[in-house]
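Trainee: Here is a sequence together with a model predicted from it:
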Amino acid sequence: YEYRTADAFLRDFELMKNNAIKFNGEESFLGKEATEIYEFVKKTVAENREEFDAMEKAVQEQLNSGRKRKKTSSNSKPASSDTTGTGNAGKVDKGTMGSGNVVLDGVAVAAAVDFGNIPTDFIIGDDSG
């Protein structure tokens, strides 16, 4: 997904948290994990707010300028850094679930979220785990 603002990115995490609570209960394993993830992302965005605001302002100025961006050739390297070392910048590495890039108007910012120790055998709605 591409987000033009950090707040739009944060709203999606809030939606995921709310859905986890709605369908599994606030005290369920998934409800608690979703709340922890949301709080972590919210705190991280707040800690980096100045940087996000600067990027958002630059994006808005670019959009308002009416300038069309030049497309880069398919041989050029991506604008973002490849944090996985695989040449797949901008793509989620399936081997490290929870890592990926946030894209603000074509500029990827590496991001990783630790989803905790979610068991692979949990049952939705099961509060025992």
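Mentor: Received, thanks.
Trainee: and residue 26, backbone torsions?
Mentor: Note on residue 26: backbone dihedrals following degrees, to the nearest 10 are phi -60, psi -30.
Trainee: Now for it, how many residues are close by?
Mentor: As a burial measure, residue 26 scores 11 neighbours (other C-beta atoms under 10 Å). C-beta here means a position set from N, CA and C on the backbone, and glycine is covered the same way.
Trainee: Rounded mean pLDDT for the helix or strand harbouring residue 50, please.
Mentor: Using DSSP states H and E, residue 50 falls within helix 49-65. Across helix 49-65, pLDDT averages out at 90.
Trainee: for stretch 10-30, same thing?
Mentor: Here the average pLDDT along stretch 10-30 is 97.
Trainee: buried stuff in that stretch?
Mentor: Of the residues in stretch 10-30, 10, 13, 17, 20-21, 24, 28-30 count as buried by neighbour count, 16 or more other C-beta atoms under 10 Å.
Trainee: so of those residues, which ones are in strands?
Mentor: Secondary structure from DSSP state E places none of the buried residues of stretch 10-30 in strands.
Trainee: wait, which of the residues you listed is closest to residue 38?
Mentor: residue 17 (4.0 Å; C-beta to C-beta).
Trainee: so where does residue 40 fall, helix or strand?
Mentor: Assigned by DSSP H and E, residue 40 belongs to helix 29-47.
Trainee: List the buried residues in that helix.
Mentor: 29-34, 37-38, 41, 45.
Trainee: What residues sit buried inside the helix holding residue 50?
Mentor: 52, 55-56, 59.
Trainee: tell me what it is packed against?
Mentor: Counting contacts by 3 or more C-beta pairs under 8 Å, 6 or more residues apart in numbering; DSSP states H and E, helix 49-65 packs against helix 6-24, strand 99-104, strand 107-112.
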